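Peer 1: Starting from these lines, generate the structure:
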Amino acid sequence: MKINASMAGLIALLAAAFAANVQADINVGVTLSATGPAASLGIPEKNTVALLPTTIAGQKVNYIVLDDASDTTTAVKNTRKLIAENKVDVIIGSTITPNSLAMIDVVAEAGTPMIAMAASARLIEPMDAKRYWVFKTPQNDAQMATAIVEHMTNNNVRTVAYIGFADAYGEGWWNEFSKIAEVRKIQVVANERFNRADTSVTGQVLKILAAKADAVLIGGAGTPAALPQKSLKEKGYKGIMYQTHGVANADFLRVCAKDCEGTFLPAGPVLVAAQLPDANPIKKAALEYVGKYEATYGKGSVSTFGAHAWDASKLLANAVPEALKKAQPGTPEFRQALRDGLEKTRNLTAAHGVFNMSPQDHLGFDQRARVMVRIEGGSWKLVQ
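Peer 2: Just a heads-up that it's a prediction; the model follows:
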């Protein structure tokens, strides 16, 4: 059969029209700490990625997941690889603050939006040309530090000792907590540091014991945060113990065991989803995540850290439809539109809270995103 010029032209037009309606896949790059000192945080995040939707607004979504081994240099390499080789439209990660802070320059240079799963407010504050591209899902350390200080004030704590990671996470917590404690007239009588990979903190603990503080706050995350608490208990400390929301998983309970009984910490509501009052607006969304995670990985396996990845997906599901109206995935225009869509997120209820972002606030959580929790009988109990 011969195809004349007019038919050939018609076929070409139809092919072009078809191609115009077929969009490229959305590629999501994920770098997280599935190994190394932060593995107890990164593993539930990696597990959660496997549960995320593979289509958004009818468009196929591919997740390219890399392990940064809790290492800052590797996190940066992963980010460069995901952008340059995998041509991702958005980055989710990393698990911990030092890694995520190091990634900011890379995503800003490439004009690729990033949704961090690390807690420090320094990731998004103060807003500038680089942080313009960065969003996050965990509660800010400042927000959680306020909850701790309020609890201390209500329980007549007058003096407190601090021991935190010797990195951006520990420093961020120290900066936020010490400012709020000073305003509330709580005296900080010791300020110590330790490394995530340390096996002993005897020197620091002896200084804390000598300070005779009413309470101790440990500014750590994951299982390494158990080390100072176990050492303090071993040496007879009887005061009130506080941890940060960085320990809210089952691995921490397993490692710290009886030495963490009675410990207080602020946490995202997903940690105690079933204990939330029915009137709590986050309960339904939190239970949805808990149900899906535990159906796959077993009852009691859920942690707050996986929920950070889940909430990142919720943000994408909210922003992608509008971005698709403006550009195709795989283009700078789509990445810009996706960034803009994330920033316009309003009244989005997720597992950890309700997102209301703005040009100056790339988290957008209010006080509904936090609860106080006590460790009792090796499990989490909501403090009413």
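
Peer 1: mind saving the C-alpha coords of the helix or strand hosting Ile64 as CSV?
Peer 2: Taking DSSP states H and E as the criterion, the element that holds Ile64 is strand 59-67. Taking C-alpha atoms only, strand 59-67 is exported to CSV below (Å, rounded to 0.1, in the frame of the first residue of the first chain):
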residue,chain,number,x,y,z
GLN,A,59,1.4,9.4,36.0
LYS,A,60,3.9,6.6,36.7
VAL,A,61,6.4,7.3,39.5
ASN,A,62,9.8,5.7,39.8
TYR,A,63,11.7,5.7,43.1
ILE,A,64,15.5,5.4,42.9
VAL,A,65,16.7,4.6,46.4
LEU,A,66,20.4,4.9,47.5
ASP,A,67,22.0,4.2,50.9
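
Peer 1: Mind giving me the packing neighbours of the helix or strand following it?
Peer 2: Elements were assigned by DSSP H and E; along the chain past strand 59-67, the next helix or strand is helix 72-84. Packed against helix 72-84, as judged by 3 or more Cβ pairs under 8 Å, 6 or more residues apart in numbering; DSSP states H and E, are the following elements: strand 26-32, strand 59-67, strand 90-93, helix 97-110. To be clear about C-beta, it is placed using only N, CA and C from the backbone, and glycine gets the same treatment.

Peer 1: and with 7 Å instead?
Peer 2: Contacting helix 72-84 under the criterion 3 or more Cβ pairs under 7 Å, 6 or more residues apart in numbering; DSSP states H and E are the following elements: strand 26-32, strand 59-67, helix 97-110.

Peer 1: Highest mean neighbour count out of the ones you listed?
Peer 2: Of all the helices and strands packed on helix 72-84, strand 26-32 carries the top mean neighbour count, a mean of 26, counting by mean count of other Cβ atoms under 10 Å.

Peer 1: wait, which of the helices and strands packed on helix 72-84 is closest to Ile208?
Peer 2: Proximity to Ile208 (Cβ to Cβ) singles out helix 97-110 among the helices and strands packed on helix 72-84, at 23.2 Å.

Peer 1: Direction included, what does the following helix or strand past the closest one pair against?
Peer 2: Under the assignment DSSP H and E, the closest C-terminal helix or strand after helix 97-110 is strand 114-116. According to DSSP bridges, the neighbouring strands of strand 114-116, each with its direction, are strand 90-93 (parallel), strand 134-136 (parallel).

Peer 1: thinking again about what came up before, what lines up beside the strand holding Ile64 in the sheet?
Peer 2: Here strand 59-67 has these sheet partners by DSSP bridges: strand 26-32 (parallel), strand 55-56 (antiparallel).

Peer 1: For those strands, give me TSV that also has mean pLDDT and distance to Pro277.
Peer 2: Converted to TSV, these look like this (pLDDT from 0 to 100; distance: least, Cβ to Cβ, whole Å):
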stretch	mean pLDDT	distance to Pro277
strand 26-32	98	32
strand 55-56	97	32
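
Peer 1: Which residue lies nearest the spatial centre of this protein?
Peer 2: Taking Cα atoms, centre = their mean as the criterion, Met117 is the residue nearest the geometric centre of the chain, at 2.7 Å.

Peer 1: Run through the bridge partners of the nearest residue to Gln243 once chain neighbours are set aside.
Peer 2: Using Cβ to Cβ, 6 or more residues apart in numbering and skipping residues adjacent in sequence, the residue nearest Gln243 is Leu265, 4.3 Å away. When bridges are taken as DSSP bridges, the partners of Leu265 come out as Val373.

Peer 1: Show the pLDDT at Leu265.
Peer 2: At Leu265, the model reports a pLDDT of 98.

Peer 1: hang on, the earlier thing: verify the stated contact: the residue nearest to the centre of the chain with Thr95.
Peer 2: Yes: applying Cβ atoms under 7 Å, one finds Met117 in contact with Thr95, separated by 5.6 Å.
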